[in-house]
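A.B. asks: 3D model of this:
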Amino acid sequence: MYDITIDLETTCNGGVDGKNPEAQYPNNKVLLYGWTNGIFIYTDHRGDGLYDMIETAHDRGDVVRIIGHNLKFDLKYLIRERPDLPWHKFEYYCTMYSEYRQSGQQYRFSSLVDSCARHGIAFTKGLDLGAILASGLKMEDIPLCDLKPYLVDDVQATNQLFNKQVNHAGYVEYMHQHVLPLAHMELLGLRIDKTKTAIAMSGLVSKEKVYDRELFAWAEARLEWDDGRPLDEGDIKYTAPRCVSYLLTGFPTAGFKKGTKHVIKFKPGCAPLLNPKQIAALWPSAKPTNLGFPMAKGVLDKMPKGSKASIYVTDLLDYRAAVKLSSTYFGPFLEEAALQDTIHPKMNMCQTVTGRLSSSKPNGQNMPPEARQVFVSEFGKLMEIDFKQLEVVALAHLSKDPQLLADIQNGEDIHFNTGRRVMGWKVPSDMTKKQRTIVKNVNFGLIYGGGAKGLAETTGQPVKLIKQLIKAFYDRYPGVSDWQRQYYTDMVALMKTSHLEHGEQVYCSLVQDGTSGRKFFFTEGSSPPWVRVKTGRKFSFKPTETKNYPVQGFAGGDIVMTAMWELYYRIALMDRTQIRMTVHDSILVDTDMDKSALRVLMVEVCNEIESLFSLPFKLDFDIASGLYWQ
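C.D. replies: Okay, here's the model as predicted:
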């Protein structure tokens, strides 16, 4: 193994604001390369020495391992500058990701300074780059004679941190390999259809205006100043939660003050759109504040059907949806598209509590279908590979429930098997779409630690029915319940003191599973009232977390990211096939190959995963294909 620890100093001139340092912006460049082979530390403003060292080590047959803190950032520049190097043949190690993973996802985006401090490495930054940039100077304004010792210190500290982490763990984790496909997909981005985006944006702006007028009309028809003057559009924010609450419920009862003299009130003969009984049903435990009742979408969706309140809320939600699409997606898309033809969602390796990826700027993982449909293939087709019921697969493997393992292996319909005892189905065709959705939501809710009351609120079904479905699930899969209880017991057995809060000791726990070696960090939180009554404790661990973290971590954090690397390795030398995005349980590929050829590759990928994690069944997946992202 030939280790090379690297760090780069780059310009920060990219993006819409001209302050983004990422490699996908061509006007950004590397100012200084720094690297060490563990003996000598080198610097070079061109990087020739670094690339020569990598090539020489690879050519003589050494396994090259590239090490860095926040390695994905630097790796994008290396790939961009030398796309000819066989990057898929090297190994990778990110000290930031290791700090995150070894801590059970407790330390997220840990800085080099903080990471070194935790391992007893004396290290401080020689320059405050944030302050320098905030002063108006650019990175290229810093003299190389000042930048060079700063970079040397960073490289040396990163190398020391790597050695400390490996010695602490006793081994180097395989899971660092996914840093390469993530770097490459960020560098490539998603190709956008500018014309289609502009047309969609124009339509959204028109919708906003229409709904805006509708919402003002609702307020204008019912509200006035206390001296009888009619409302003007500039008098109140009629789309704001306080106004919505006032129109629906009459709270806040003080109405709206304008200055100190006048108040906006209901017109004579007008009343809130909801009556007291309806208000009590929608907010059974919430009390109004000076902003009225909370106006979350989950509550607004439950307005009495056919009522004026329902019609008003439909206008409001349509307005909110149009605003979100335009402000969060299409507007920024068009700004970014003015610079280049691609959008580059950031893939965050070190953010979630479970170890699965997240995405930002924009959030590529939670894009609504309307936003996805403006992304177009560069090579022929965008194919989304979606693993089937991956959380259920993860739960089966972790819990080792024999019935659940058998049902998956035999291709059984999990939701039919658990719901038929309650719904009276004889064959799967007896299920209605609505019934299946209810059972599916309950089954997945149990995986995530949901209880009867919460799942009843989520599904809009009676608590009695939800309890029956929960019992049916655990009756068929008792090993799941046993595993969930045992996991909680193991976590409590590993408790360590954390801190005092309100004079009471709070505990934390770091649990390691036996499947992938992933750890999970749990901290006690404030107990709900029923737990306080039952146990007398003000703090407790959340069942939702202890049930959810290991399942979601194994499914999205281990299986999907391993699949991403295994697929990337197989397509690395193809000219017209690239991974563009990963979305929870799926991988988006831009390719000119047909679906059957991609399926052959994915079967090989699944075989590798099944062997690596000793899965007792075959992984299954679907592939959707189209010119645009569906």
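A.B. asks: mind checking the longest helix of this structure?
C.D. replies: helix 194-222 (DSSP state H).
A.B. asks: That one: how far from the chain's middle?
C.D. replies: Averaging C-alpha positions (C-alpha atoms, centre = their mean, to the nearest Å) puts helix 194-222 29 Å from its chain's average.
A.B. asks: Which elements pack onto it?
C.D. replies: helix 241-249, helix 308-324, helix 331-337 (3 or more C-beta pairs under 8 Å, 6 or more residues apart in numbering; DSSP states H and E). All C-beta spots, glycine's among them, are computed from the backbone N, C-alpha and C.
A.B. asks: Same list, the ones you listed, but as JSON lines with mean neighbour count and distance to residue 230 please.
C.D. replies: Output for the helices and strands packed on helix 194-222, formatted as JSON lines (neighbours: other C-beta atoms under 10 Å; distance: least, C-beta to C-beta, whole Å):
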{"stretch": "helix 241-249", "mean neighbour count": "23", "distance to residue 230": "16"}
{"stretch": "helix 308-324", "mean neighbour count": "18", "distance to residue 230": "19"}
{"stretch": "helix 331-337", "mean neighbour count": "17", "distance to residue 230": "33"}
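A.B. asks: Out of these, flag the one nearest residue 524.
C.D. replies: Closest to residue 524 of those is helix 241-249 (C-beta to C-beta; 31.8 Å).
A.B. asks: Taking their axis directions, the closest one and helix 194-222 sit at what angle?
C.D. replies: 50 degrees (axes from the mean of the first three to the mean of the last three C-alpha atoms, to 10 degrees).
A.B. asks: C-alpha coordinates for helix 241-249, CSV please?
C.D. replies: Coordinates of each C-alpha in helix 241-249 appear next as CSV, following Å, rounded to 0.1, in the frame of the first residue of the first chain:
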residue,chain,number,x,y,z
PRO,A,241,-49.6,31.7,9.1
ARG,A,242,-51.1,34.3,11.5
CYS,A,243,-53.6,35.6,8.9
VAL,A,244,-54.4,32.0,7.9
SER,A,245,-55.0,31.1,11.5
TYR,A,246,-57.2,34.1,12.1
LEU,A,247,-59.4,33.4,9.0
LEU,A,248,-59.8,29.7,9.9
THR,A,249,-60.1,29.9,13.7
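A.B. asks: Offset the numbering so it begins at 11, please.
C.D. replies: Yes, from this point I'll number from 11; that puts the last item at helix 251-259.
A.B. asks: contacts for that helix?
C.D. replies: Around helix 251-259, the neighbours that count as contacts under C-beta atoms under 8 Å, 6 or more residues apart in numbering are 228-229, 232-233, 246-247, 261-262, 265-266, 282-284, 289, 298, 301-305, 319, 322-323, 326.
A.B. asks: again, only using 7 Å
C.D. replies: Identification of contacts with helix 251-259 by C-beta atoms under 7 Å, 6 or more residues apart in numbering yields 228-229, 232, 246-247, 261-262, 265, 282-284, 289, 301-303, 305, 319, 322, 326.
A.B. asks: for stretch 410-421, same thing?
C.D. replies: Residues outside stretch 410-421 that contact it (C-beta under 7 Å, 6+ apart): 402, 403, 406, 424, 427, 486, 487, 489, 490, 626, 627.
A.B. asks: Low-confidence stretches in the protein?
C.D. replies: 179-184, 264-271 (pLDDT under 70).
A.B. asks: ok now do the residue nearest the centre of it, which residues does it touch?
C.D. replies: Most central in the chain under C-alpha atoms, centre = their mean is residue 368, positioned 2.9 Å from the mean C-alpha point. Going by C-beta under 7 Å, 6+ apart, residue 368 touches 358, 361, 362, 375.
A.B. asks: Over to residue 377?
C.D. replies: residue 339.
A.B. asks: Is it in a helix, a strand, or coil?
C.D. replies: coil (DSSP: H, G, I helix; E, B strand; the rest coil).
A.B. asks: coming back round to it: quick one, which of the contacts of helix 251-259 are buried?
C.D. replies: 228-229, 232, 246, 261-262, 265, 282-284, 289, 301-303, 305, 319, 322, 326 (16 or more other C-beta atoms under 10 Å).
A.B. asks: coming back round to it: so which of the contacts of residue 368 belong to strands?
C.D. replies: residue 358 (DSSP state E).
A.B. asks: Just the endpoints, please. Distance across stretch 235-248?
C.D. replies: 14 Å (C-alpha to C-alpha, to the nearest Å).
A.B. asks: contacting residues around it?
C.D. replies: Outside stretch 235-248, the residues that reach it (C-beta under 7 Å, 6+ apart) are 225-226, 229-230, 233-234, 253, 266, 268, 272-275.
A.B. asks: Which among these count as buried?
C.D. replies: 225, 226, 229, 230, 233, 234, 253, 266, 274, 275.
A.B. asks: mind putting these in TSV, distance to residue 185 included?
C.D. replies: Shown next, in TSV, are the buried ones among the contacts of stretch 235-248 (distance: C-beta to C-beta, whole Å):
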residue	distance to residue 185
225	49
226	53
229	54
230	58
233	58
234	63
253	49
266	54
274	58
275	61
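A.B. asks: just to revisit the earlier point, in helices, which of the contacts of stretch 410-421 fall?
C.D. replies: Counted as lying in helices by DSSP H, out of those, are 402, 403, 406, 424, 427, 486, 489, 490.
A.B. asks: Count the residues that sit near the second one.
C.D. replies: The burial metric for residue 403, expressed as a neighbour count using other C-beta atoms under 10 Å, is 24.
A.B. asks: Now do it against residue 30, distance only.
C.D. replies: Residue 403 is 38 Å from residue 30, where distance means C-beta to C-beta, to the nearest Å.
A.B. asks: what does the last one give?
C.D. replies: Between residue 490 and residue 30 the distance is 45 Å, computed by C-beta to C-beta.
A.B. asks: What's the PyMOL line that selects buried ones from the contacts of residue 368?
C.D. replies: Filtering the contacts of residue 368 down to the buried ones (16+ other C-beta under 10 Å) takes a single PyMOL command:
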select buried, resi 358+361+362+375
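A.B. asks: The contacts of residue 368 into a markdown table, with extra columns for distance to residue 592?
C.D. replies: Below are those laid out as a markdown table (distance: C-beta to C-beta, whole Å):
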| residue | distance to residue 592 |
| --- | --- |
| 358 | 12 |
| 361 | 14 |
| 362 | 13 |
| 375 | 8 |
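A.B. asks: For residue 540, state which of the contacts of residue 368 is nearest.
C.D. replies: For the contacts of residue 368, the nearest to residue 540 is residue 362 (28.5 Å; C-beta to C-beta).
A.B. asks: how about the nearest residue to the closest one, chain neighbours excluded?
C.D. replies: Closest residue to residue 362 apart from its sequence neighbours, by C-beta to C-beta, 6 or more residues apart in numbering: residue 368 at 5.3 Å.
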